[in-house]
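1. from the sequence below, what's the structure:
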Amino acid sequence: MTAQRIQSMIMKKKTVSKKDTVSKEKFASDTSARGAAGWVRALVILFAGLTVAHLGVTLFLISELGTDTFTVFIQGLSRVFGLTVGTVHVIVLCILMAVMLLTTKGYVKPGTVVCAFCGGPIIDLFTWLLQGYINGGSPMPLRIISMLAGCVILSAGMSIVINSNAGTGPNDLVAVILSDKIEAVQFRWVRVGCDLFFVVLGFILGGTVGAGTIAAVFLTGPLVQFFLPKTRVPIRLILKE
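-> Numbers count the residues shown, from 1 in each chain. Predicted coordinates for the structure are as follows:
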């Protein structure tokens, strides 16, 4: 075997190993060494991403072409137990946080609480600002554009939240944790699977499914994975980590 061929095989092996390492990069991270200033920066970034994400959620909802995937599940539960959607939403998020805190390590962080309790008010604010311009009575092309733009903006915001390493919403953590556990499957497909689960179960329980819901199932996961590397570098520079 020639030296050139041996060198070629070594380089190929290194390339494969590098790809394997990248593909197995996990979302869980140790933030125990992060100081107070670092946490302030991380939480500011998280809140900025949360605001962007919920602008997307608002654009999606006011198009009135279907609710987001998790809300379908919440609607179904609210009808089964006879409670308001808001009440069920808070209960489910608290249960998810408790289960994840007890069964996983490195996922539930201060930002998880921020995401759980600040998302609703942000959506209410954007709805108040935008519902006079986009609503169920708007022309259909405008509603479709609003729905699709909402999916894109939501996904970009989620990537910022995830890359802040300060925590993310309990419902979004389901896909994040499963993606880390199921190493052979890319995040986009794990997210699609989770969204399908919420939609199917929510629909069976009585939740409302629309064209926008189906679009969200198949767009959100791939779009989040697309934006993750785009937002990671500038966020790491700001965090100095």
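2. buried ones in the top helix by length along the chain?
-> Taking DSSP state H as the criterion, the chain has its longest helix at helix 211-239. For helix 211-239, burial by neighbour count (16 or more other C-beta atoms under 10 Å) applies to 212-217, 219-225, 227-228, 231, 235, 239. C-beta here means a position set from N, CA and C on the backbone, and glycine is covered the same way.
3. how close does F60 get to L130?
-> Distance of F60 to L130, computed by C-beta to C-beta, to the nearest Å: 11 Å.
4. what about the helix or strand where I145 lies, distance to the chain center?
-> For I145, the host element (DSSP states H and E) is helix 140-163. Centroid separation between helix 140-163 and its chain, computed with C-alpha atoms, centre = their mean, to the nearest Å, is 11 Å.
5. could you give the angle of that helix to helix 211-239?
-> Calculated by axes from the mean of the first three to the mean of the last three C-alpha atoms, to 10 degrees, helix 140-163 forms an angle of 40 degrees with helix 211-239.
6. tell me the buried residues in helix 140-163?
-> Within helix 140-163, the residues scored as buried using 16+ other C-beta under 10 Å are 143, 146-163.
7. now do the strand or helix carrying D195 and helix 211-239, the angle between them.
-> Here D195, judged by DSSP H and E, is contained in helix 187-205. On the basis of the same axes, to 10 degrees, helix 187-205 is oriented at 140 degrees to helix 211-239.
8. looking at helix 187-205 now, give me its mean pLDDT.
-> Helix 187-205 shows a mean pLDDT of 93.
9. W189 contacts T220, correct?
-> No - look at W189 against T220 with C-beta atoms under 8 Å: they stay out of range, at 11.9 Å.
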